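Trainee: sharing a model prediction with you, sequence too.
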Amino acid sequence: MLKAEGLVAGYGAAEEILKGASIDVEAGEIVTIIGPNGAGKSTLLKAIAGLVPLKGGSVRMNGADLTRQDALGRSKAGLAFVMQEKNVFGAMSVAENLDIASFGNPSGMAARREAVYARYPVLADKRKALARTLSGGQRQLLAMGMSLMTEPKLLLLDEPTAGLSPKAAEELFMAIIELNRSGLPVLMVEQHALEALEISTRGYVIVTGRNAATGGGRELAADPEVRRLFLGG
Amino acid sequence: MTIVAQAILNGIMTGMLIAIPALGLTAIFAVLRYVNFAIGAYATVGAFAAWYVNTRFGLGVFPSALVAFVAGGAVGLIAEQTALARLRPSGALAVAIASIAVNLILENVIRFIFGNDLQGFDLPIARDWRFAGLRFGPQQLQTAAIAIAIMAAVFLFLRFARFGKAMRAVADNPDLGRLFGMDPARIAMITVVLGAGLAGVGGVLLGLDTAIDPMTGSRLLLSIFAAAVLGGLGSIPGAVLGAVMIGIGEELAVLVLPATYRSAVGFATILLILSLRPAGILGERNT
């Protein structure tokens, strides 16, 4: 459904960070992008979301060309990007965060909010709490819940478990699997590469802005070369 | 004792009036991240617009205040679009300094059109009420009631209205707001209209009691700024709290100091707050 080909992008006039990377995601998949620090993983995700201007390549979603669309246009086409940090409105309550995430399509908001509460009861319990008082794992669930308010077709997660305790990270991976089983494809960048590949249908290894390897999640996780390079053995 | 109680009562009344433009100043700061000193002139614009429709067409207090909101908001939007917004890439300080220039220009435009004389509103004269040894002016009570209604409306707007919530969201995290379909530039302009409009209404309410002249807003600017800084720049409840405290402080100060030192309260407050607690009483972040 998502087909990003030959993406070239960078910030400002500096040398490109992405030098022709390609990713595709099929319906129902969890796809993880791994790679060393500075390889351009997050930039790749942002380029797909429209948050980094493209200097080359194309982004297509279900056949529609989104290359010339900005972040808002791509969001309307069903791409929901969850930032790594500052991904909730800290000074607003959980309920307000979910409501304001529907700013672009307010009709049916209450029903979608209740669906998010049903999926993540912890958010329902904390609906009146300010988002900045949530734990790291709860905040990440809220950020994903906010994305769900936009009725996405593909979820883009930028290092969702960054800064979480091992237990909270594991719970978040479970939440991602559960979300995926309900029919939402997921494309994510993860530092916890081994754990992420274990739950992924497929994985991409990105090195210096280019595709270095690709394959099934467990297959990549077991690959001696991949393990030696990125997983510390 | 009664004198002190009367001073505190007068301070609360004045404070509630200062709170209206202070809300405008703090809302603009929260979303656009600069201190808009032109808020003083927007207050004067509102006061003169209301005075004009009041004395020329006999409009009452409420419709005049509405005219003041529209006039303040419109002038604020024009100033923002033609001058201030262009300077935003140069930083908050450049915009703040430019807003002082806007303040001077508008003040002199008003002087050019309406002259330097004091102008009084055409309102029925009413005898003060007395209660437990304290004096209440009926006009004071009416303006206080309007001020409370406006504050309530602002709170409800920010809490429940779609654009009110979007304003808070963009103030909190503009990048995230953009991701959810908000246009921070458009929200900023709505905020400017609201903030400048509130300043305009504040100008009328403060002028109803006494008289207005082209310096009305500029004279209030220090109290307004001190109120917003004391409460915490960017904090809506803080602006109200700060304004009431400044109002009371000014009234108490003139009990022991000559009236010309009234504005020293504002200066002293700004100095103390900025050196001891820059975030203000209810401020959430250091800026």
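Mentor: Sure thing, it's come through.
Trainee: residues near residue 190, how many?
Mentor: Using chain A here. Applying other Cβ atoms under 10 Å in any protein chain shown, we find 25 residues neighbouring A:Glu190. C-beta: built from backbone N, CA, C; applies to glycine.
Trainee: if you could check chain B rather than the one you did, that'd help
Mentor: Neighbours around B:Ile190, by other Cβ under 10 Å: 18.
Trainee: just the element for it, please.
Mentor: In this structure, B:Ile190 sits in helix B:184-209 according to DSSP states H and E.
Trainee: which other helices and strands contact that helix?
Mentor: Applying 3 or more Cβ pairs under 8 Å, 6 or more residues apart in numbering or on different chains; DSSP states H and E, one finds that helix B:184-209 contacts helix B:2-32, helix B:39-57, helix B:61-79, helix B:138-160, helix B:162-172, helix B:174-179, helix B:216-231.
Trainee: and chain A, which of those helices is closest to it?
Mentor: Closest to chain A of the helices and strands packed on helix B:184-209, according to Cβ to the nearest Cβ: helix B:162-172, at 4.5 Å.
Trainee: quick check: angle from the closest one to helix B:184-209?
Mentor: 110 degrees (axes from the mean of the first three to the mean of the last three Cα atoms, to 10 degrees).
Trainee: give me the contact list for helix B:162-172.
Mentor: With contact meaning Cβ atoms under 8 Å, 6 or more residues apart in numbering or on different chains, helix B:162-172 is reached by A:89-92, A:96, A:99-100, A:103, A:106, B:27, B:30-31, B:156-159, B:176-177, B:180, B:182, B:184, B:187-188, B:190-191, B:234.
Trainee: now do the buried residues in it.
Mentor: B:Gly164, B:Lys165, B:Ala166, B:Met167, B:Arg168, B:Ala169, B:Val170, B:Ala171, B:Asp172 (16 or more other Cβ atoms under 10 Å in any protein chain shown).
Trainee: would you turn these into CSV with pLDDT?
Mentor: Listed next are these as CSV, based on pLDDT from 0 to 100:
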residue, pLDDT
B:Gly164, 94
B:Lys165, 94
B:Ala166, 95
B:Met167, 95
B:Arg168, 95
B:Ala169, 95
B:Val170, 94
B:Ala171, 93
B:Asp172, 92
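Trainee: closest one of the residues you listed to B:Ile110?
Mentor: B:Ile110 lies nearest to B:Met167 out of the buried residues of helix B:162-172, by Cβ to Cβ, at 29.0 Å.
Trainee: so B:Ala50 touches B:Val70, yeah?
Mentor: No: under the criterion of Cβ atoms under 8 Å, B:Ala50 makes no contact with B:Val70, lying 10.1 Å away.
Trainee: hmm, back to that, relative to A:Arg113, which of the buried residues of helix B:162-172 is nearest.
Mentor: The closest of those, once distances to A:Arg113 are taken by Cβ to Cβ, is B:Lys165, at 13.4 Å.
Trainee: distance check, that closest one against B:Ser90.
Mentor: Applying Cβ to Cβ, to the nearest Å, one obtains 30 Å for the distance of B:Lys165 from B:Ser90.
Trainee: could you report the neighbour count for B:Ala38?
Mentor: 32.
Trainee: now the one 10 residues further on
Mentor: B:Phe48 is flanked by 25 other residues according to other Cβ under 10 Å.
Trainee: one more: B:Ile78?
Mentor: Using other Cβ under 10 Å, B:Ile78 is surrounded by 13 other residues.
Trainee: kindly report the same for B:Ala153.
Mentor: Neighbour tally, B:Ala153, other Cβ under 10 Å: 11.
Trainee: mind checking the SS state of the residue in the stretch 151-287 of chain B that chain A sits nearest to?
Mentor: Across the stretch 151-287 of chain B, the shortest distance to chain A (Cβ to the nearest Cβ) belongs to B:Gly181, at 3.0 Å. The three-state label given to B:Gly181 by DSSP: H, G, I helix; E, B strand; the rest coil is coil.
Trainee: right, and it touches A:Ala71 too?
Mentor: No: the criterion here is Cβ under 8 Å, and B:Gly181 misses it with A:Ala71 at 9.5 Å.
Trainee: what parts of chain B come near chain A?
Mentor: B:162, B:165-166, B:168-169, B:171-173, B:175-182, B:284 (Cβ under 8 Å from any Cβ of the partner chain).
Trainee: grab the nearest non-local neighbour of A:Leu220.
Mentor: Nearest non-adjacent residue to A:Leu220, counting by Cβ to Cβ, 6 or more residues apart in numbering or on different chains: A:Gly203, 4.3 Å away.
Trainee: for chain B, what are the nearby residues on chain A?
Mentor: Of all the residues in chain A, those lying near chain B are A:51, A:71-72, A:75-76, A:81, A:83, A:86-92, A:96, A:99-106, A:146, A:150, going by Cβ under 8 Å from any Cβ.
Trainee: repeat that with 10 Å
Mentor: Residues of chain A lying close to chain B (Cβ under 10 Å from any Cβ of the partner chain) are A:49-51, A:70-72, A:75-76, A:80-83, A:86-92, A:96-97, A:99-106, A:109, A:131-132, A:143, A:146-147, A:149-150.
Trainee: in chain A, spot the helix with the most residues.
Mentor: helix A:166-181 (DSSP state H).
Trainee: quick one: average pLDDT of the host helix or strand of A:Arg139?
Mentor: For A:Arg139, the enclosing helix or strand under DSSP H and E is helix A:136-148. Helix A:136-148 shows an average pLDDT of 96 in the prediction.
Trainee: now do stretch B:58-66
Mentor: pLDDT averaged over stretch B:58-66 gives 92.
Trainee: so A:Leu142 sits against A:Ile100, correct?
Mentor: No: between A:Leu142 and A:Ile100 there is no contact under Cβ atoms under 10 Å: 11.7 Å.
Trainee: joint contacts of the two?
Mentor: Both A:Leu142 and A:Ile100 are in contact with A:Phe89, where contact means Cβ atoms under 10 Å, 6 or more residues apart in numbering or on different chains.
Trainee: re the thing from before, of the contacts of helix B:162-172, select the buried ones using a PyMOL command.
Mentor: Only the buried entries of the contacts of helix B:162-172 go into this PyMOL selection, using 16+ other Cβ under 10 Å:
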select buried, (chain A and resi 89+90+91+92+96+99+100+103) or (chain B and resi 27+30+31+158+176+177+180+182+184+187+188+190+191+234)
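Trainee: give me the pLDDT value at A:Arg60.
Mentor: With respect to pLDDT, A:Arg60 scores 96.
Trainee: how many residues are close by it?
Mentor: A:Arg60, neighbours per other Cβ under 10 Å, totals 16.
Trainee: what residues are up against it?
Mentor: A:Met1, A:Leu2, A:Lys3, A:Ala4, A:Glu5, A:Asp24, A:Leu66, A:Thr67, A:Ala77.
Trainee: check which helix or strand covers the fourth one.
Mentor: Using DSSP H and E, the element containing A:Ala4 is strand A:2-9.
Trainee: for that strand, C-alpha coordinates in CSV please.
Mentor: Output in CSV follows, covering the C-alpha atoms of strand A:2-9 (Å, rounded to 0.1, in the frame of the first residue of the first chain):
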residue,chain,number,x,y,z
LEU,A,2,2.9,2.4,0.8
LYS,A,3,5.6,2.6,-1.8
ALA,A,4,8.4,5.1,-1.2
GLU,A,5,11.1,4.9,-3.8
GLY,A,6,14.6,6.4,-4.2
LEU,A,7,14.1,9.0,-1.4
VAL,A,8,16.7,11.8,-1.4
ALA,A,9,16.4,14.3,1.4
